[in-house]
Each structure stands twice: as C-alpha cells, then as structure tokens.
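Chemist: Whatever this is, show me its structure:
(one chain, ligands or ions: 1)
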Amino acid sequence: MLTLKQLQFHYPNSRPVLKSVNLSFKPGGIYGLFGKNGEGKSTLMKLVSGLLNPKMGLCSLKGRSTQSRSVATLRDLFLVPEDFELPGLPIQTYEKVHSSFYPNFSKETFYNLIEEFRLSPNQVISRLSFGQKKKVLIALGLAANTPLLLMDEPTNGLDIPSKSQLRRILASYVDDGKCIIIATHQVRDLHSLIDHVVILDNAQVIFDSPLSDVSEKLWFGKASKENEASALFSESTFGGKAIFPREDRDESEIDLELLFNAVLTEPTQINTLLNSINHG
Ligand SMILES: Nc1ncnc2c1ncn2[C@@H]1O[C@H](COP(=O)(O)OP(=O)(O)OP(=O)(O)O)[C@@H](O)[C@H]1O
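Modeler: All right, here's what the predicted structure looks like:
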C-alpha cells in the first residue's frame, strides 16, 4: 500500500534526518514507528503526507507519489500530527469543512466518537484543552476512513481512561483494507495493538519486523545465573528482564520497551536471528 524507496531528507543546513530509507507498509497492519527523540519519526510522517519533499527517493501510496499532493492521494491518507493549531470553530462546523475531502467519511463514526470522548458538537475547538482537541482530531481521522492513517504520538495529552478508550477504538477500527502507522514513545499505551515494529536510529531503519517473527524467534524472560550466557540482551534496570533465542521454549509475551532497547544496543545480533526465519 505504502512504499518508501531510498528516501533521503535533511532540513536546510542540517545533518541528514533520513538516509536512504526503504520501507513497505501493507494494509491490515498496525505499525509502531519507534526511535529516540529527534530520530525523524515526525519528519517521516510529514514526508509520507506530502507536507515535506524528500531530497531524494520516493513515497508512494497505492502507486501514486504522495509528493504531488493530488486529490486522489490526499483523500487516501489522514495525519493526526503531534502538534497542531485548530481554528475557533464549533466541532460540527470543523467536521463539515473537512468531511467533504474524504469520500468514505462516516458522520456516524465521527459523532459517536465525539460523544464517547464526552465532547459536544457545538463546543468551540479553540476553547478546548489540548487533550480534548487531540480527541477531535482523532475522531476526524478515524471517521475519514482512509486506507492510510498516520498518528504521531496519539496518546500524548490523553488522560489514563482515554488511553484505554483509544486502544479499544483503534482495535475495532483496523480492517484488512487499512494501514495504521503510529509513532510513539508511550509504548505501553498501545503495545497490545501493534503488530509490526519499525525502529529508526542514526537516520536509518535499523529494525523492520512483524511481531509474529519476533515471537517465533525471540523469547522474553528473566535472566538468571543459568541462562545469562545465552541472553542476546539483558537490562538490569528492567528487573533482570532479558531476551534469548526462543529455540524450543513456549511463546512469551513481547516486551516492546525491552525489544527497543535491545535493538538499539545489539541490532546485528537481533536482526541476524530474525532474518534466519524461513518465510517459504
Ligand atoms: N522545521 C525544522 N527545521 C530544522 N530542523 C528540524 C525541523 N523539524 C525537525 N528538525 C530536526 O529534525 C530531526 C528530526 O526531528 P523529528 O521531529 O522528525 O524527530 P522525532 O523522531 O519525531 O522526535 P521526537 O521523538 O522528539 O518527537 C531533529 O534533529 C530535529 O531537530
């Protein structure tokens, strides 16, 4: 659905933010995009949305370059950005202005979500709190029903009940025709939803793997004197949690935070093991 080919980007007079990034995103998946602060997650989302132009390479959505920002492409994607400014319009007016851009927009979904988020259609957006504004954008993004939904730190600003509410809403939203990419540091908020992980580091993709492959090849458990030597990665600050080759052990629950730290520290070891999967 979405392909990034040899994508390169830097801001004026700055170091490269992305160096030759190649990625492919398929429908039916929720992708987690991770990276340390400043590694280019928001930039990548802006490139995909056509808000920035790559210095080299291409982003194509359903075979069309997103850089052209053609109507046909823009109606296929929605970006919920991390930072935004929203106008002093009532929610229902804002919905009317934006819904017309999206052929599959569902007013029913939008107003159901607005109600679920305890907002009311006549509230003026500029007078809402940051978290409430974010909920309006999330409702708009989900109601737009676009094949590609990009969410940059969607749980930032949401209170604890709203985070689980969003998790539940997103789980029911994804279907075989849609692809969702979520950039987040709040791994725990959405970890149960994510089924594919992409990690950016040093302007490159250092990890790109479905979690089914991670479960097949890696085992998440506690390090002990007996097994310490076989650990691919262990972190004492995680209470002795460690990652091992799975071998013939039962499947374990994936700890995304530990996986992220492991990939940043031992990318070659982790990737070599995952690449040994025979997909044939
Ligand atoms: N408008 C801009 N002009 C110049 N440099 C920028 C601009 N926006 C971002 N950058 C730089 O580009 C790099 C990538 O920023 P980006 O916001 O994409 O990172 P990020 O991974 O989303 O970070 P975070 O996790 O902190 O949200 C950073 O070094 C940042 O300083």
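Chemist: Chain neighbours aside, what residue packs nearest to residue 90?
Modeler: Nearest residue to residue 90, sequence neighbours excluded (C-beta to C-beta, 6 or more residues apart in numbering): residue 122, at 5.0 Å. Placement of C-beta: from N, CA and C, glycine included.
Chemist: Tell me how far that neighbour lies from the ligand.
Modeler: 33 Å (C-beta to the nearest ligand atom, to the nearest Å).
Chemist: That residue - how many residues pack around it?
Modeler: A total of 9 residues lie near residue 122 under the criterion other C-beta atoms under 10 Å.
Chemist: Work out for me the element it sits within.
Modeler: Using DSSP states H and E, residue 122 sits within no helix or strand.
Chemist: repeat for residue 181
Modeler: Using DSSP H and E, residue 181 falls in strand 179-183.
Chemist: Can you show me the strands along the stretch 1-150 of the chain?
Modeler: For the stretch 1-150 of the chain, applying DSSP state E, counting those that start in this stretch gives strands covering 2-10, 16-25, 29-35, 56-61, 64-65, 77-80, 148-152.
Chemist: ok, the last one: who's next to it in the sheet?
Modeler: Yep, that's strand 148-152 we're talking about. Within its sheet, strand 148-152 is paired with strand 77-80 (parallel), strand 179-183 (parallel), according to DSSP bridges.
Chemist: ok, the first one near the ligand or not?
Modeler: No: judged by C-beta under 6 Å from any ligand atom, strand 77-80 stays clear of the ligand, getting no closer than 12.8 Å.
Chemist: again with stretch 192-205
Modeler: No: Stretch 192-205 is not in contact with the ligand by C-beta under 6 Å from any ligand atom; minimum separation 6.9 Å.
Chemist: Please tell me how far that stretch is from the chain's geometric centre.
Modeler: Centroid separation for stretch 192-205 versus its chain: 8 Å, with C-alpha atoms, centre = their mean, to the nearest Å.
Chemist: can you pull the buried residues of that stretch?
Modeler: 193, 194, 196, 197, 198, 199, 200, 201, 203, 204, 205 (16 or more other C-beta atoms under 10 Å).
Chemist: and of these, the nearest to the ligand?
Modeler: Nearest to the ligand among the buried residues of stretch 192-205, counting by C-beta to the nearest ligand atom, is residue 200 at 6.9 Å.
Chemist: mind listing what the residue nearest to the closest one when sequence neighbours are not counted touches?
Modeler: Distance criterion C-beta to C-beta, 6+ apart; nearest residue to residue 200, sequence neighbours excluded, is residue 35 at 3.7 Å. Taking C-beta atoms under 8 Å, 6 or more residues apart in numbering, we find residue 35 in contact with 41, 183, 199, 200, 201.
Chemist: what is the residue nearest to the first one when sequence neighbours are not counted paired to in the beta sheet?
Modeler: When you say that, I think you mean residue 41. Excluding the flanking residues, the one nearest residue 41 by C-beta to C-beta, 6+ apart is residue 183, at 4.0 Å. Residue 183 has the following beta-bridge partners by DSSP bridges: residue 33, residue 152.
Chemist: could you measure residue 27 against residue 166, distance?
Modeler: Distance, residue 27 to residue 166, using C-beta to C-beta, to the nearest Å: 21 Å.
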